[in-house]
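[1] need a 3D model of the following:
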Amino acid sequence: MRRILATAALAMAAAACAKAVVRAPQPSTEGYVFPGALPDEVRPDELRRIEESWRALRSGDLKQAEKGYRAVLAAKPGLPAAETGLGYVALQAGRVAEAERRFAAALASRADYAPALVAKGHAALRRDDPEAALEAFRAALAIDPREPGVKRRIAELRLQVTERRVASAREALERGQTAAAIEVYSQALADAPEVAGLRLELAELLAREGRSGEAIALLETDPTGDRQVLLRLGELLVQAQEHQRALGTYRRILERDPKDEEAHRKAWEARQQQELLQMPEEYRRIAAAPQISRADLAALLSVKVTALSRTKAAEPRVAVDISGSWAREHIIKILSRDIMAVYPNHTFQPGAIVRRGDLARALQHILDLLGQAPTPAPELADLSRSSLHYYPAGRVVAAGLMDLTPSGAFEAWRPVSGEEAVQVIENLVRLVGP
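    Okay, here's the model as predicted:
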């Protein structure tokens, strides 16, 4: 009896296996867009057949899906919904070339049929062609922006395509194929304009090739306002002697972060270079001079202390010996604000040597003129309170503009070098502002 029951059980199990439908594993249909038809294109029963075929496709029953789509296509030749459905069936079965022909036929019937464009993108992915897939998905999204799955796939593909192209560009560079690398970088940036690192790599390559103008234009079109992009743009503009544009670039960084030390430093360097280029040779020599003249000091104060423009100029005192000086206009500006004096014989003596006491008096006049509150002065070991240099020296030392010797002496008699004068006046500019 047991043998009979066991035999019966085996027979029943065999029968069950015979009836089971065994399907090979298929790729996921995630991201597929339902290829629907317009009401005026099909009858209600045909629309129902399309929907049933779609469900069969999503469940993995390719045979039933194909049967349904072919029945609709027989009644409605060229119907985009049926062509796209059959294309999906072929794609799931691994017949990529056939699928692409079906999708192309659907688009030939209706060029703006978004489901066929999405399907075309999936077929391109199956061929491992992310660039073609990205193009197809973008075309679909332009027609129907409401599909979130397409947006997500585009974001993923943009990253993938960018990474591939950057790798390809770097390989081209290693082979010495610079032109090819630039072309591939440009294609990658067109697909991902917000990737600042990519923009910087391409700009560096263009700059190395002597195409700085193109590199500048490329960085200026950055839509993100990335800090590193702006810093590099400023450097290239300075190299091109476009100092005003460079200053505008650094200003954009400082508007976001007024404490950005690197941007401050680069802006200062740009101003320095601009200043030197605009000045005559006599001015450009001041910084390296072992000692400066009164004409040199007047020019430095006139050019660097832009805060003086906030003050009212008076009629300058007459100086009979400045008509031939290269710094005449600067001397007049300084005299009109009584920052430096004219001697009793109405001479300015533009060639006279400037000493630390002279520099201190000029700085003290500017501090007073701009309303800078005085702070308690230190003891000056070598100046008495009755000295003409005592108040100016104490004022500027207290303000942190000039130093004393280790013994506490000011040394008002010592000539001022160009380097010292520039440093002191830059300290003044930082104190009083632009």
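
[2] from here on, just use CA atoms for contacts and neighbour counts.
    Fine.

[3] so who does the residue positioned nearest the centre of the chain touch?
    In the chain, the centroid-proximal residue (Cα atoms, centre = their mean) is Asp226; its distance is 3.1 Å. Taking Cα atoms under 8 Å, 6 or more residues apart in numbering, we find Asp226 in contact with Ala196.

[4] for it, give me the backbone phi and psi.
    phi -60, psi 140 (degrees, to the nearest 10).

[5] number of residues surrounding Ala409?
    14 (other Cα atoms under 10 Å).

[6] meant to ask about Ala203, not that
    The number of residues near Ala203, taken as other Cα under 10 Å, comes to 27.

[7] any low-confidence regions in the chain?
    Filtered on pLDDT under 70, the chain yields the residue ranges 1-26, 434.

[8] do you know how far Gln160 is from Pro148?
    19 Å (Cα to Cα, to the nearest Å).

[9] between the two, which is the more surrounded one?
    Gln160 (14 against 11).

[10] which one is the more buried one nearest to, not counting chain neighbours?
    Leaving aside its chain neighbours, Gln160 sits nearest to Pro130 (7.4 Å; criterion: Cα to Cα, 6 or more residues apart in numbering).

[11] pull the number of nearby residues for the one you found.
    21.

[12] just checking, it touches Leu159?
    No - if you go by Cα atoms under 8 Å, Pro130 and Leu159 don't touch, sitting 10.1 Å apart.

[13] quick one: the helices in the stretch 201-350 of the chain?
    Taking DSSP state H, counting those that start in this stretch as the test, the helices found in the stretch 201-350 of the chain are 212-220, 227-239, 243-256, 261-278, 281-284, 294-304, 328-335.

[14] specify the angle between the helix or strand following the last one and helix 294-304 in degrees.
    Using DSSP states H and E, the helix or strand that directly follows helix 328-335 along the chain is helix 356-369. Angle between the axes of helix 356-369 and helix 294-304 is 30 degrees (criterion: axes from the mean of the first three to the mean of the last three Cα atoms, to 10 degrees).

[15] please save the CA atoms from the helix or strand that comes right after helix 356-369 in CSV.
    Downstream of helix 356-369, the first helix or strand assigned by DSSP H and E is helix 390-398. Provided in CSV are the C-alpha atoms of helix 390-398 (Å, rounded to 0.1, in the frame of the first residue of the first chain):
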residue,chain,number,x,y,z
TYR,A,390,56.2,114.3,19.3
TYR,A,391,52.5,114.4,18.6
PRO,A,392,52.6,113.1,15.0
ALA,A,393,55.0,110.2,16.0
GLY,A,394,52.9,109.3,19.0
ARG,A,395,49.7,109.4,17.0
VAL,A,396,50.9,107.0,14.2
VAL,A,397,52.7,104.6,16.6
ALA,A,398,49.6,104.4,18.7
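
[16] skipping its backbone neighbours, what lies nearest Gly68 in space?
    If the residues on either side of it in the chain are set aside, Gly68 comes closest to Ser53, at 5.4 Å by Cα to Cα, 6+ apart.

[17] and for Asp144?
    The shortest distance from Asp144 to any non-neighbouring residue, by Cα to Cα, 6+ apart, is to Ala114 (6.7 Å).

[18] got a list of what the one you found touches?
    By Cα under 8 Å, 6+ apart, the contact list for Ala114 reads 139-141, 143-144.

[19] for Pro115, see how far away Ala108 is.
    Ala108 is 13 Å from Pro115, by Cα to Cα.

[20] looking at the two, which is more packed in?
    Using other Cα under 10 Å, the more surrounded residue of Ala108 and Pro115 is Pro115, with 25 against 13.

[21] what's the spacing between the more buried one and Tyr88?
    Counting by Cα to Cα, the gap from Pro115 to Tyr88 is 11 Å.

[22] also Tyr69?
    In terms of Cα to Cα, Tyr69 sits 10 Å off from Tyr88.

[23] between the two, point out the one with more neighbours.
    Tyr88 (33 against 26).

[24] check the secondary structure at that one for me.
    Look at Tyr88: counting by DSSP: H, G, I helix; E, B strand; the rest coil, its state is helix.

[25] the residue nearest to it when sequence neighbours are not counted: neighbour count?
    Excluding its sequence neighbours, the residue lying closest to Tyr88 (Cα to Cα, 6+ apart) is Ala99, at 6.4 Å. Ala99: 26 surrounding residues under other Cα under 10 Å.

[26] and for Ser293?
    21.

[27] cool, Pro258 as well?
    Using other Cα under 10 Å, Pro258 is surrounded by 12 other residues.

[28] again, but for Ala116
    With other Cα under 10 Å as criterion, Ala116 counts 33.
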